[in-house]
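Trainee: My questions are about this predicted structure, shown below with the sequence.
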Amino acid sequence: MVCVSVIGNLVVIWIILAHKRMRTVTNYFLVNLAFAEASMSAFNTVINFAYSVHNEWYFGLGYCRFHNFFPIAAVFTSIYSMTAIALERYMAIIHPLRQRLSSAETRVVIGVIWVLALLLALPQYYYSATDQLPGRTVCYIQWPEYTNDTTMDFKKMYSVSVVLLYYFLPLCIMGCAYLVVGSSLWAGTIPGDSTHRYREQLIAKRKVVKMMIVVVCTFAVCWLPYHIYFLLQQFHPDPMQLFEWRYIQQVYLAVLWLAMSSTMYNPIIYCCLNDR
C-alpha cells in the first residue's frame with residue numbers, strides 16, 4: 001500500500017509539474033491532493049499499523065505529537081482539494097463566462113487549505129502525550145478533564161467537529177456541485193450538427209468530471225467505516241465495553257487499513273480514466 005501510494009502520487013506530481021501543458025487549475029489541486037496522500041502514507045501508515053498491532057509506542061513524544069497531528073491535516077487537505085476541484089469544475093461548466101482562478105490565486109487557495117488544516121489538527125498536537133505503563137509505552141491524546149455534566153465535553157465536541165468539517169460537509173458540497181454539473185453535461189445527447197471542437201470539449205469535460213466523481217466516491221467509502229467506528233466509541237454509554245467485543249481488534253485494523261488505503265487509489269484512477 002505504501003509503495004503504491006508514495007510512488008504513484010509522486011509520479012502524478014512529476015507529470016503535472018514537469019510538463020507545462022499540464023499546469024491547469026484542476027491539476028494544481030491534484031498536486032496538492034497527491035502531496036497530502038503521499039506524505040500521510042510515508043509518515044503515518046506503517047507506524048500507525050505497527051502501533052495498532054503491537055500496542056506499544058517506540059518513537060518518542062515528538063513523533064507521537066506528529067503522528068496524531070499530521071493525519072488530520074493531511075486528510076483535511078485531501079478532501080478540501082477535492083472540494084476546490086468540484087467548485088472549480090462547477091464554475092467552469094455552469095458559469096463559463098466568469099473569470100477563472102489564476103495560478104497565483106490557486107496557490108493562495110492551496111495555502112489557505114493548509115493553514116485551516118493545520119489549525120484544525122492543532123489540538124491533536126497540543127494534547128498528545130506518552131506514558132510508561134507496566135511493560136510498554138503508549139502514545140495517546142490527554143484531553144482536558146470532563147467536569148460539566150450539562151455540556152458535551154471537549155473531546156466529543158472536537159471529534160464531532162472533525163467528522164463534520166473534514167467528511168460530511170465537504171462531501172455534501174461536492175455532491176451538490178457534481179449533481180448540478182452532471183445534470184448539465186449529461187442532460188442530453190451531443191447534437192449531430194455540433195462542431196468537432198465542441199464535441200471534443202464536451203467529451204473532455206465529461207471525462208474529468210467522471211474521474212473526480214470516482215475519486216470522491218472512493219474516498220467516501222474508504223473513510224466511512226473509520227468515522228462510524230470512532231463516533232460509536234465516542235458516544236457509546238460504556239466505551240470500554242466496545243473493547244471487550246470478540247474480534248474488535250481485527251475489526252479496528254480492517255477499518256484502519258481501509259482508511260489508510262485511500263491514499264493509493266487515486267493514481268490508479270487517474271491512469272484508467274485520464275489519458276493525459
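Mentor: Thanks, I have the structure now.
Trainee: Flag the shaky bits of this protein, pLDDT-wise.
Mentor: Counting by pLDDT under 70, the chain has low-confidence residues at 146-152, 188-194, 236-244.
Trainee: Determine the longest helix present in it.
Mentor: Across the chain, the helix with the greatest residue count (assigned by DSSP state H) is helix 196-235.
Trainee: That helix: how far from the chain's middle?
Mentor: In this view, helix 196-235 has its centroid 11 Å away from the chain centroid, taken as CA atoms, centre = their mean, to the nearest Å.
Trainee: Which stretches in the protein count as helices?
Mentor: Chain-ordered helices for the chain, with DSSP H as the definition, fall at 2-18, 25-40, 46-54, 60-94, 103-126, 154-163, 169-185, 196-235, 239-242, 248-273.
Trainee: which of those helices is buried the deepest?
Mentor: Neighbour counts (mean count of other CB atoms under 10 Å) averaged over each of the helices of the chain peak at helix 25-40, with a mean of 23. Glycine gets a C-beta too; all of them are placed from N, C-alpha and C.
Trainee: Contacts for that helix next, please.
Mentor: Counting by CB atoms under 8 Å, 6 or more residues apart in numbering, helix 25-40 makes contact with 5-6, 9-10, 12-13, 16-17, 70-71, 74-75, 77-78, 81-82, 84-85, 88-89, 100-101, 103, 106-107, 110, 113, 208, 260, 262-264, 266-267, 270, all of which sit outside it.
Trainee: List of residues touching stretch 263-276?
Mentor: Surrounding stretch 263-276, the residues in contact under the criterion CB under 8 Å, 6+ apart are 1, 4-5, 8-9, 11-12, 22, 30, 33-34, 37-38, 40-41, 45, 207-208, 210-211, 214-215, 218, 222.
Trainee: ok so, going back, how about the helices of the chain, which one is nearest Thr137?
Mentor: Go through those one by one with CB to CB and the one that ends up closest to Thr137 is helix 60-94, at 9.0 Å.
Trainee: Show me what the closest one is packed against.
Mentor: Other elements packing on helix 60-94 under the criterion 3 or more CB pairs under 8 Å, 6 or more residues apart in numbering; DSSP states H and E are helix 25-40, helix 46-54, helix 103-126, strand 128-133, strand 136-141, helix 169-185, helix 196-235.
Trainee: of these, which approaches Lys156 most closely?
Mentor: helix 196-235 (5.4 Å).
Trainee: Could you tell me the angle between the closest one and helix 60-94?
Mentor: In terms of direction (axes from the mean of the first three to the mean of the last three CA atoms, to 10 degrees), helix 196-235 departs from helix 60-94 by 140 degrees.
Trainee: Determine the set of other helices and strands touching helix 196-235.
Mentor: So helix 196-235, by 3+ CB pairs under 8 Å, 6+ apart, packs with helix 60-94, helix 154-163, helix 169-185, helix 239-242, helix 248-273.
Trainee: let's go with 6 Å and repeat that
Mentor: In terms of contacts (3 or more CB pairs under 6 Å, 6 or more residues apart in numbering; DSSP states H and E), helix 196-235 is packed against helix 60-94, helix 154-163, helix 169-185, helix 248-273.
Trainee: Let's have these in JSON lines, adding distance to Leu133.
Mentor: Formatted as JSON lines, the entries for the helices and strands packed on helix 196-235 read as follows, by distance: least, CB to CB, whole Å:
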{"stretch": "helix 60-94", "distance to Leu133": "14"}
{"stretch": "helix 154-163", "distance to Leu133": "20"}
{"stretch": "helix 169-185", "distance to Leu133": "37"}
{"stretch": "helix 248-273", "distance to Leu133": "17"}
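Trainee: can you tell me which of those comes nearest to Ile141?
Mentor: Ranking the helices and strands packed on helix 196-235 by distance to Ile141, with CB to CB as the measure, places helix 60-94 first at 5.9 Å.
Trainee: Check the offset of that closest one from the chain's centre.
Mentor: The answer for helix 60-94 is 5 Å, by CA atoms, centre = their mean.
Trainee: now the angle between helix 103-126 and it, please.
Mentor: Angular relation of helix 60-94 and helix 103-126 on a 0 to 180 degree scale: 150 degrees, by the same axes, to 10 degrees.
Trainee: Next, the angle from helix 60-94 to helix 46-54.
Mentor: Counting by the same axes, to 10 degrees, helix 60-94 lies at 120 degrees to helix 46-54.
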